[in-house]
Structure formats: structure tokens, C-alpha cells
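[1] sequence and predicted structure below; questions after.
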Protein chains: 2
Amino acid sequence: MKKFFVAVTMSLAAVAASAQVIEDFKPAVTNQQGKQYPMVNSQGVVRAQLLAPDAHSVKLDIGGVKYELTKDENGLWTGDSAPQDVGFHYYQLNVDGASVPDPGSLYYYGASRWGSGIDIPAPDQDFYTIKNVPQGKVSEVYYYSSVSGSMRHCYIYTPAEYDQNPKKKYPVLYLQHGMGENEHGWAEQGHTGIIMDNLIAEGKAVPFIICMDNGLDVYGPNNPRPAPQPRPQAGAAPQGQRPQGGQQARPQQGGPRLASAGAFEQILLKDIIPMVEKNYRVLADSKHRALAGLSMGGMQTRAITLANPTVFSWVGMFSGGAISKEDVAESKGFKENNKLVFISYGSRELENPRGTDPRVTTAELGQTGMNTAFYVSEGTAHEWQSWRRSLYQFAQKVFK
Amino acid sequence: MKKFFVAVTMSLAAVAASAQVIEDFKPAVTNQQGKQYPMVNSQGVVRAQLLAPDAHSVKLDIGGVKYELTKDENGLWTGDSAPQDVGFHYYQLNVDGASVPDPGSLYYYGASRWGSGIDIPAPDQDFYTIKNVPQGKVSEVYYYSSVSGSMRHCYIYTPAEYDQNPKKKYPVLYLQHGMGENEHGWAEQGHTGIIMDNLIAEGKAVPFIICMDNGLDVYGPNNPRPAPQPRPQAGAAPQGQRPQGGQQARPQQGGPRLASAGAFEQILLKDIIPMVEKNYRVLADSKHRALAGLSMGGMQTRAITLANPTVFSWVGMFSGGAISKEDVAESKGFKENNKLVFISYGSRELENPRGTDPRVTTAELGQTGMNTAFYVSEGTAHEWQSWRRSLYQFAQKVFK
């Protein structure tokens, strides 16, 4: 971490002058087809570029730090970030005070907006790289929710063999995103389909269905958005960056129940699960039903599985708290019905845990005889690389 | 048209001063959730807004025209376009010379880039509005192409009843995008899934499968991109606007065969159709196989169906030329095997047709005893509203 902070506080000129930047930049894999910029080098430095002939300031805004770009005689602005952690980061450009997406990148939903994202190559990226193996599919599904009184939207992954075995029934994982994200996250930057296809092809996971829904947008005619409304944003600037690095992202254990959590619980139980079990060939019992989520989705997982102890036998919480032996003692039937409590964090998140360390909480739960697992994603923070790896680990344990 | 051009040449101040702009603006349906801008009024005027406190010029770039925004004391820039045609338009903002996506909009692929799009309400928008009817699904599918030697990506629509009838087999429509677009177009701005679900629910279309693939990106290890490579773009500015209005978008009949058309034909015949017929329950004969496309995709449809007269019995070309009786005379078996040649255009495209009017060509083809249809989308140009309507019409005739 020390090295990270030193780099962040260095100016672009200082970085360049120190000759630390290795000139082996390549276009990011998250670029739009044919776009050369942004680029990434082997140190994880992001090099951004934008044509803005009449601008007097262009900045790259990534990881909570703004880096000044410099202008050439053609009006082309170019500049480098400090080295970034491996994996996926949300970012944006700033042109004379306007925060806008980078026209070179693909766009992702997070930080409460659609905007730019960039992937820094990781030593273990093979597990989320597409290969010529049997391909499942991710389907976009609309359904009517009686709880919200509106049409809702989710993504459903079915494994490659699903369409080849018209009588076989499958377990289902309900997999949730974090705060400021939506149902696109796991399917897109999370690479759920690729991770699962690769795992199943290698025989490391049993084939199962995954439903990815929206745990934040729970409103509709039957469940109006609470007043007072947040004031409409006059400007169109993204609503801030996700926290990055251990200093901001600390484990939270059973924090305050989110305003939307109750509504999402009802939508999940009354609308989503029945819709999936009606439209797909599903093993419709708790032993073949898992709930997992990242960050806020992990906290929702904790609240919903403890409140409904016989509905889900498999529990995954990624950077989203832990379940204590006291929690379990208060939830009648949870212990008897549960098959696995899987907890994970990025290593940077665990550097300064607030409150009880989730490793301790989870170890204590394991000592009561429950099946627990704790996974640490090395060198990553409260970001998608931690969660891709968490899914990769969890998927190898669930439904076995 | 006259009114349209007058409006385009008026300055923002003139438009405002003339009191022609009706102040009934609402956030566009294509906005990011919670974003108030851009807005649209009942005249089809687009009002854009951007926070750019340090900028000295911000423009809205839509329909090939740039409109100056004006700055308030808080650094918030606001301004209006001339009235736009109903339906979907690609657009962008320009901040001190930098062309960037509007952070308020959702993003779409077209004009050879991911960027902003906006939907102007249309009197007939009901047919592409989501309703609580049985919902099919659009699946994201990866598959290996032997022709390109790479993993490729497509979207496949299956009707709601597909999963409820495990023995029933379905016809398939292969549906292609235009130049500068990709396989996302029909699934996203085209609203294929919604249009089909609504049509099937009303009994106006028979249930069928739709495969939406990429007809431009046909390269890979087995089919290298032709040299010389286009020079990498130094800047990241979108590569120009789509033509709008009758003055630019003229019918083309059997223009030069596109460089990529031959490769796409091979991929379609050798990889895509076999993949679909292997993985889905398909009626695998020409009588249950259709090919259609918009603009370049229509030209590809023409070339591929004439070259493979016994493979597809149903042909749809939307703003992409026509098939003449001479074409058919040269394609042995085409006439005997064909069930429908459907041609469509936006009315603005037909105002100044270049070469033979496609209505004449199609009428002459019909006089040879073939089943033809010609549809005109009123008040629209070479844009998505013409193609949404074309699909809506074509889907009611195909496979019947």
C-alpha cells in the first residue's frame, strides 16, 4: 500500500522524469473495437488520450485521483495514471470541468452511472477469458413483479448442457450486485458466463443456473419510491467514484438494513424465484438454491438468508460482511438447513478491518460445526477483480 | 421537409425568440436512470444540458447539425436542437472541441462507435413499448467460427412459448444490422424482443426464433483483416454521424458488393446457421428460414439470398435496395423457392430516389407472379424508426 500512495501523489512529470514508466503500452481489452486509447502497460499504468483542440484542461479521473493530461500541437491530450491494481476499474475523463465518459472505452454500469471502465491485465485472467469450450448463454429476461407492480429486468445464465438435456433439472444461484450498480454488473464486468463456462468445461463446477437481478431499483406503482425524492441532478456529472484501496473499503458486518432490502427480499421471494422456477428446469428446493452477492448484495444476502433460513442452503458474501454464530443462533433452522457460508474479501479491504475481523467471525462460526469458507483475493480492493475471483471460488464449492 | 430545413438553420436564440419551442420537455426514455437531461418536447426538440464550468463552448451534435449551448452562472450549459424526426437518433456532445458521449444518456452502438442515443416519442410507439405479456428472451451467445477462426458473438431471440413446448420446432429469421453498427443494434435500439413479444401476444405473428449477428466484423486468424490497415485513430472522436433526412439517404439497389459480404456469407452458411440449428429446436429447411437486414444488411440479404436461392425462402430488405426481375431471372431456383420479397424504406429516403425507384422494381417483380410487399415508414429517414416499423410489418408476413 505504501508504494501505491507514493505513486498516487507523484505528478505526471515526476513519474515520467523518474523513468519508471515502461513503454510497453497496449490498448485496453475494454476499449471499443478499433480504438487505440486508453492503453495499459505492464505496470498497470493507464495512458489516456483525447482530441480536445480548444480545451485548456483535460484530466483522467481514476481510482479517486485526477491526473493532468498534456496537449500536443494537434490538440491531442495524453497522460498517464499511477499504477492501478489488476482487474476492473470505473473511470472518466474531465474536459474543462465536465466529467464525461471516455469515447475510447466500452461503457459499464457502476458508481451510479453508465460510464467508462478499464481492465488492467491480471496474472490469473485466464479464468475469465473466453475460450472455445461449450458455451452457455446469458439471457435478458423481462418479467412482471407483483411487489413493485412493474415490468422488471434480469439476466439468467444457463450452462451449455442445459439445452441438450431437455429433462434435466438444475440448481440455481441468485447473484446480486453492489451499491451504485445494477443487474448488468455480474453479466458484463463480472464475466459470469465466461467464468462458469470455463469452470464447467474443466469439471471444476457442477452445471447450475444463475439469476442476476436488480437489488436497488425496487420501485414501481405498487411500491412507490420514498419521499422526499432526491433533488434532480442539474448537471450530468457521474455521482462519484467507487472507493478504491483499503483506506476506504472496510468490511462491514451486518450494518444498518438498507431501505431497499425489505422490498428486494419480497421481490426475490414472491416474483423472481417463482418466475425462474416456472420458466426454467429447476430443482426447486433449498438444497439446490443459493444466494450470494457483493458488497451491498452480500449484506442483502445475509439479511435475507437469516430471515428465511429454510429457503437457501448455500450462502455467499463477497466484500459484504460475515455471519456470526450469534446471528445463526437467532435464526431457527438456519444451521440445520445450511450447506455452506462462504465469505470473501480483497486483501486490501482486510488491512484495517473495522470492528470484528470477518476472518475471526467466520472461524468462530466454523467452530460451531457449520461448513464455512473464507477466501482472500490477493492484491485487490473493493472492486470487481475481488468479486470475479470470489465467484470463481464460490462456484467450485456450491451445490456439491 | 421545408419546415425541417428552416428550423435547422435558425440559431438557438432565434428559435427561443420566435416562441416556437413548447415548454413541455420531459426526460428522454433513453436516459440513464435518474438523469433529467437530455429532455424532449412534444415538437421533437432535444434539450441538452451539461455541467462544464471551465468550458468556453459546448455543443449538441445531432442529425448532422451542431447546436450551441449557453452557459449559466453555475457553469451549466443548456440548449435546444431543431425538431427531430420521431424515433431513435445517435448524437454526441462537443466540449471545447472534444466529441464525447452525453453522460445523461444510455449508450448504443452505431456510427461506428458506442455513444449517446435518444428516442423521440412517436405516435405509434406502443408497438415497441414493453407490456405485461408473455415474455420471450434475448440470449447472448458466443460460438466458434471455423471461417474466421475465432469466437464470435450474437444475440438470439426465442419466443415466450419456446421453453414451454419442449418438442415444438420453430422457424428462424436471421436479421442483420447496417454499416457502422453491430449485433447489438436490433436487440437494443431495434427493440426486437419487445416488438416480437407484443406481436405474438396479439396473434399477429407466428412465434419464431431470431438470430442477430455481426455482418461487418468477419475477421480472425483464419480470415485476416485486409491490409493496408486503416490508420489507427489518434483521437477518439466518433467517426461521423449517420446520414439523416432524404437529402443524404437515398435508396441503393445492388450497389458494389461489400468487402466483408463474402466472408459474412461464409460465416452465416458454415457457422451461424449450423450453430443455431444444433442448439435450438429449429425447422431446418428453407421454407422456415428467412434472411433480412437493414441498409448494408439489406444489401447483404440481397447478395446472399440470390447466391443461395434454395437456402432462404423469405427475404426482407429494409432501406437496403430491392430485388429486380432480372436478378431473379439469373438466380436458378430463386423464384420457385421464394415465399416473400419484402422491401421497405423511410418516406424521406424515397423523396429523391437515385436510379430506379425501388417501388417500381418491386412492382415489376410482383408482376412476374412472385409474392412481394413494399412498406413505407411515414416521416422517417435512414434511421431506426424506419427499421423498427419494417420489422413490425415483416414479422406479420413471414412464415405464414
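    Arrived safely, thanks for sending.

[2] flag the shaky bits of chain A, pLDDT-wise.
    Within chain A, the stretches falling below the threshold (pLDDT under 70) are A:1-19, A:227-261.

[3] and the helices in it?
    Counting by DSSP state H, the segments of chain A that form helices are A:2-9, A:12-17, A:184-187, A:192-201, A:261-267, A:273-279, A:296-307, A:325-329, A:334-337, A:358-367, A:384-395.

[4] next, the contact list for A:Ser319, please.
    Counting by Cβ atoms under 8 Å, 6 or more residues apart in numbering or on different chains, A:Ser319 touches A:178, A:249, A:251, A:294-295, A:298, A:344-346, A:349, A:382, A:386-387, A:390. For the C-beta atoms, the positions are set from N, CA and C on the backbone; glycine is no exception.

[5] can you redo the helices of chain A as CSV with mean neighbour count and distance to chain B?
    Compiled in CSV, those are given as follows (neighbours: other Cβ atoms under 10 Å in any protein chain shown; distance: least, Cβ to the nearest Cβ, whole Å):
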stretch, mean neighbour count, distance to chain B
helix A:2-9, 13, 24
helix A:12-17, 14, 19
helix A:184-187, 25, 8
helix A:192-201, 22, 7
helix A:261-267, 20, 15
helix A:273-279, 17, 6
helix A:296-307, 25, 16
helix A:325-329, 15, 33
helix A:334-337, 16, 29
helix A:358-367, 18, 32
helix A:384-395, 26, 17
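
[6] out of the ones you listed, nearest to B:Ser150?
    The closest approach between B:Ser150 and any of the helices of chain A, judged by Cβ to Cβ, belongs to helix A:192-201 at 14.8 Å.

[7] quick one on the thing from earlier: in JSON lines: the contacts of A:Ser319, plus distance to B:Asp24.
    Converted to JSON lines, the contacts of A:Ser319 look like this (distance: Cβ to Cβ, whole Å):
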{"residue": "A:Gly178", "distance to B:Asp24": "38"}
{"residue": "A:Ala249", "distance to B:Asp24": "45"}
{"residue": "A:Pro251", "distance to B:Asp24": "49"}
{"residue": "A:Leu294", "distance to B:Asp24": "42"}
{"residue": "A:Ser295", "distance to B:Asp24": "40"}
{"residue": "A:Gly298", "distance to B:Asp24": "44"}
{"residue": "A:Ser344", "distance to B:Asp24": "51"}
{"residue": "A:Tyr345", "distance to B:Asp24": "51"}
{"residue": "A:Gly346", "distance to B:Asp24": "49"}
{"residue": "A:Glu349", "distance to B:Asp24": "49"}
{"residue": "A:His382", "distance to B:Asp24": "43"}
{"residue": "A:Ser386", "distance to B:Asp24": "47"}
{"residue": "A:Trp387", "distance to B:Asp24": "44"}
{"residue": "A:Ser390", "distance to B:Asp24": "48"}
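
[8] which one of those sits closest to A:Asn337?
    A:Gly298 (19.4 Å).

[9] next one: that closest one from A:Ser331, what distance?
    The spacing between A:Gly298 and A:Ser331, counted by Cβ to Cβ, to the nearest Å, is 17 Å.

[10] now A:Ala160
    With distances taken as Cβ to Cβ, A:Ala160 is found 37 Å from A:Ser331.

[11] next one: A:Ile210
    Applying Cβ to Cβ, the value for A:Ile210 to A:Ser331 is 25 Å.

[12] tell me, how many residues neighbour A:Tyr90?
    Under the neighbour criterion other Cβ atoms under 10 Å in any protein chain shown, A:Tyr90 is assigned a count of 25.

[13] need the residues that contact stretch A:83-91.
    Outside of stretch A:83-91, the residues that reach it under the criterion Cβ under 8 Å, 6+ apart are A:4, A:7, A:30, A:43-46, A:60-63, A:102, A:105, A:108, A:110-111, A:115-123, A:125, A:189, A:241-242, A:244, A:348, A:379-381, A:383-386, A:388.

[14] and if we set it to 7 Å?
    Stretch A:83-91 is contacted from outside by A:7, A:43-46, A:60-63, A:108, A:110-111, A:115-122, A:189, A:241-242, A:379-381, A:383-385, using Cβ atoms under 7 Å, 6 or more residues apart in numbering or on different chains.

[15] select only the buried ones of those residues in PyMOL?
    To isolate the buried subset of these in PyMOL, counting by 16 or more other Cβ atoms under 10 Å in any protein chain shown, use the following:
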select buried, chain A and resi 7+43+44+45+46+60+61+62+63+108+110+111+115+116+117+118+119+120+122+189+241+242+380+381+383+384+385
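
[16] out of the contacts of stretch A:83-91, which sit inside strands?
    Within the contacts of stretch A:83-91, residues falling in strands by DSSP state E are A:Val46, A:Leu60, A:Asp61, A:Ile62, A:Tyr108, A:Gly110, A:Gly115, A:Ser116, A:Gly117, A:Ile118, A:Asp119, A:Ile120.

[17] by neighbour count, which of the contacts of A:Ser319 wins?
    Of all the contacts of A:Ser319, the highest neighbour tally under other Cβ under 10 Å goes to A:Trp387, namely 34 neighbours.

[18] what's across from the nearest residue to that one once chain neighbours are set aside in the sheet?
    Distances taken as Cβ to Cβ, 6 or more residues apart in numbering or on different chains put A:Leu294 closest to A:Trp387, at 4.5 Å, once the chain neighbours are dropped. With beta bridges defined as DSSP bridges, A:Leu294 has these partners: A:Phe318.

[19] just to check, A:Pro276 is in contact with A:Val282?
    Quick fix: residue A:276 reads Val, not Pro. Yes - in this structure A:Val276 lies within contact range of A:Val282 using Cβ atoms under 7 Å: 6.2 Å.

[20] hey, what's in contact with both of those two?
    With contacts defined as Cβ under 7 Å, 6+ apart, the residues shared by A:Val276 and A:Val282 are A:Val172.

[21] now A:Tyr108: how far from B:Thr361?
    Distance, A:Tyr108 to B:Thr361, by Cβ to Cβ: 45 Å.

[22] meant to ask about A:Pro171, not that
    Look at A:Pro171 and B:Thr361: by Cβ to Cβ, they are 56 Å apart.

[23] cool, A:Asn182 as well?
    47 Å.

[24] what of A:Trp387?
    The gap separating A:Trp387 from B:Thr361 is 56 Å, by Cβ to Cβ.

[25] now the strands for the stretch 51-200 of chain A?
    Taking DSSP state E, counting those that start in this stretch to define them, one finds strands in the stretch 51-200 of chain A at A:58-62, A:65-68, A:70-71, A:76-80, A:87-95, A:98-100, A:107-110, A:113-120, A:137-145, A:150-158, A:172-176.

[26] for the shortest one, packing partners?
    Read that as strand A:70-71. Other elements packing on strand A:70-71 under the criterion 3 or more Cβ pairs under 7 Å, 6 or more residues apart in numbering or on different chains; DSSP states H and E are strand A:76-80.
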